[in-house]
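# dropping the sequence and predicted coords here.
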There are 2 protein chains.
Amino acid sequence: MPYGDAMNARLRSEERRAEIVRAALEVIAGRGYRAASLAAVAERVGLTQQGLLHHFPTKEALLVAVLEERDQWDAVPDHRWRLDLLASLVEYNAMRPGIVQTFSALLGESVTEGHPAREYFTERYGKVRATMAELLRAAYGERLPNGLTPERTAPLLVAVMDGLQYQWLLDPENVDMPGAFRDFLTLLGEGGESGEPGVGGEEREG
Amino acid sequence: MPYGDAMNARLRSEERRAEIVRAALEVIAGRGYRAASLAAVAERVGLTQQGLLHHFPTKEALLVAVLEERDQWDAVPDHRWRLDLLASLVEYNAMRPGIVQTFSALLGESVTEGHPAREYFTERYGKVRATMAELLRAAYGERLPNGLTPERTAPLLVAVMDGLQYQWLLDPENVDMPGAFRDFLTLLGEGGESGEPGVGGEEREG
């Protein structure tokens, strides 16, 4: 096989993988991971199940690819995060309910026994809390106006983001997710470089 | 059949139903609802699947019974709720991870398409937000110290409770759920009749 053909084949294979991961996202969003079938994913991309297994040998391997895909989307170097960027991320999420639904469904499943995404989420939440604590420290110093440390505030910040996603997914008409998140930043109090109500969410993308 | 026998039969049937609901709770906690099988529930209570169907004709009927059971446990007349009781509820939840796991898994699943618990959760969250707003109004009046109304604070209160549950279920060693919730009450600011840090969680049951 000439070199160019091999490269084309690899490119096609990568495109195919990306297509499969997108299809898996949709299927998981619809049914959750445990109830999702490889057959449904294969059908969506016009492959046989055997053809799908060529790209992802197990259902778990496909899940890992979905989770890695998530990490890539939301990748912001840790030192670049700011509170107002977080508000923008929540605004952005409000425009992609399918993605939010996928990960809310997976987070919910991950607490069931022996779930293959459990370790991923446990590790991820540890890292996210640490990143949020640094972000809060950069904005407020060692104490927030209410006396809490950044480390004690970080789990609350993360909890609000996750909890609001469920309320919003269940009832988008009655829950203004980005507005509620900005309200939470207001609760954190003055002194944050971007903790003022309503600031920061409108102009940037997460 | 003499009256006494009929009553005994009814009692036995009710006990049986309660036993089935408890078994269903455990199975859902372990696998989630979609992946839970009636066969697994039947096996746990020593019934055939046919015998189980006598008590609950469908899997959905069993789910509804599980959700109703939840409502009964946590039933506190709306006017009796206070912020410090909420802190106690969170303390109490930290002692029953199985129950928290069941409902966190169900909440996660409920946002997937056509899930039979979706309507239940949507309705329930609407009511819970209204109850929380009333509770915040009783504690703070029309404005919290940071200027938010009770109605705008209520979704945050609910989100923190739910979000902390996921973090705690995933990593109980590193997440102090009751402590974090009391920290959130601190964030709400002074003026709540029981918004002081660390108060109220130790003596009562939720």
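Yep, it's here. Here the structure is a predicted model, which is why all the values come from computation and not from measurement.

# walk me through the domains of chain A.
In the assignment given by automatic domain parsing, the structural domains of chain A cover A:1-73, A:75-206.

# for B:Ala40, which of the ones you listed is the nearest?
domain A:75-206 (12.4 Å; CB to CB). In this view, the C-beta of every residue, glycine as well, is placed from N, C-alpha and C.

# returning to what we had before: tabulate the domains of chain A (JSON lines), appending mean pLDDT, distance to chain B and mean neighbour count.
Formatted as JSON lines, these follow (pLDDT from 0 to 100; distance: least, CB to the nearest CB, whole Å; neighbours: other CB atoms under 10 Å in any protein chain shown):
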{"stretch": "domain A:1-73", "mean pLDDT": "87", "distance to chain B": "4", "mean neighbour count": "15"}
{"stretch": "domain A:75-206", "mean pLDDT": "86", "distance to chain B": "1", "mean neighbour count": "19"}
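
# possible to save those domains as TSV with distance to B:Gln49?
TSV is the format used below for the domains of chain A (distance: least, CB to CB, whole Å):
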stretch	distance to B:Gln49
domain A:1-73	20
domain A:75-206	22
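
# of those domains, which is nearest B:Trp81?
Distances from B:Trp81 to each of the domains of chain A were compared using CB to CB; the minimum, 18.4 Å, belongs to domain A:75-206.

# need phi/psi at A:Gly46.
phi 70, psi 30 (degrees, to the nearest 10).

# contact partners for it?
By CB atoms under 8 Å, 6 or more residues apart in numbering or on different chains, no residues touch A:Gly46.

# longest helix in chain A, please.
The helix that spans the most residues within chain A, counting by DSSP state H, is helix A:3-31.

# once you drop chain neighbours, what's closest to the residue nearest the centre of chain A?
Of all residues in chain A, the one closest to the mean position by CA atoms, centre = their mean is A:Arg70, 5.6 Å from it. Leaving aside its chain neighbours, A:Arg70 sits nearest to A:Phe103 (6.4 Å; criterion: CB to CB, 6 or more residues apart in numbering or on different chains).

# picking that back up, run the chain-centre distance for the longest helix of chain A.
With CA atoms, centre = their mean, to the nearest Å as the basis, helix A:3-31 stands 20 Å off its chain's centre.

# give me the helices and strands touching that helix, please.
Secondary structure elements in contact with helix A:3-31, counted by 3 or more CB pairs under 8 Å, 6 or more residues apart in numbering or on different chains; DSSP states H and E, are helix A:38-44, helix A:49-55, helix A:59-73, helix A:97-110.
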